[in-house]
Structures are given as structure tokens and as C-alpha cells.
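1. build the 3D model from these lines:
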Amino acid sequence: MNNTEQLLIATLAHLLKAPAESLSLTVPIDEQGVDSFLGLRFARGIHKATGVELDLTTLTDRPTLQELAALIDAHL
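-> Residues are numbered from 1 along each chain as shown. Predicted coordinates for the structure are as follows:
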């Protein structure tokens, strides 16, 4: 797991109030309990941490944390 993946897991775990170990890099985030409201908060947290802006369309197009991490790493 790279640093960006760790950051995404930690950010999502915080928002979901769930242990990081319960989250998966390869399961779509909507299947892990993220709805559109949490998706916006998640995107805001990612922007604060990385400077990369994401919108809900991006979260839908790249629904797993692994895919999001690759996108963010490509922008950094």
C-alpha cells in the first residue's frame, strides 16, 4: 500500500467512523458506505490533504480507493 492509498483509507475511515482495517482498496466506495454527502466530504478531505480537486463524477468514474490513488498520484 502506497502513501496515497494509506491517506485515502485513513480519510475514509475517519469519515465513516470505522476502523481502517475494515476498508478495502478494491471495493467501490459506495459499497463501503459512502453516499453522495459523504462523497463530497471525502473529496474535500482529499483536496485539503493533497491539493487535488475531485468531484462526485470522478468518484463515480474511479470508484475504488486504488483507482483514486492512481489518479491522485498522476496529478502530483
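
2. can you pull the contacts of Arg44?
-> By Cβ atoms under 8 Å, 6 or more residues apart in numbering, no residues touch Arg44. Glycine gets a C-beta too; all of them are placed from N, C-alpha and C.

3. and it, what are its phi and psi?
-> With angles defined as degrees, to the nearest 10, Arg44 sits at phi -60, psi -40.

4. off-centre distance for stretch 4-14?
-> 6 Å (Cα atoms, centre = their mean, to the nearest Å).

5. quick check: buried residues in it?
-> Judged by neighbour count (16 or more other Cβ atoms under 10 Å), stretch 4-14 contains these buried residues: Thr4, Glu5, Leu7, Leu8, Ile9, Thr11, Leu12, Ala13.

6. among those, which are in helices?
-> Using DSSP state H, the members of the buried residues of stretch 4-14 that fall in helices are Thr4, Glu5, Leu7, Leu8, Ile9, Thr11, Leu12, Ala13.

7. show me what counts as buried in the helix or strand bottoming out on mean pLDDT in the chain.
-> Of the helices and strands making up the chain, the lowest-confidence element is helix 56-61, at a mean of 89, by mean pLDDT, DSSP states H and E. With burial defined by 16+ other Cβ under 10 Å, the residues of helix 56-61 counted as buried are Thr58, Leu59.

8. for it, packing partners?
-> helix 36-50, helix 65-75 (3 or more Cβ pairs under 8 Å, 6 or more residues apart in numbering; DSSP states H and E).

9. redo the buried residues of stretch 4-14 as a markdown table? Include pLDDT and distance to Leu40.
-> Below are the buried residues of stretch 4-14 laid out as a markdown table (pLDDT from 0 to 100; distance: Cβ to Cβ, whole Å):
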| residue | pLDDT | distance to Leu40 |
| --- | --- | --- |
| Thr4 | 97 | 20 |
| Glu5 | 97 | 21 |
| Leu7 | 97 | 18 |
| Leu8 | 97 | 15 |
| Ile9 | 98 | 19 |
| Thr11 | 97 | 13 |
| Leu12 | 97 | 13 |
| Ala13 | 97 | 17 |
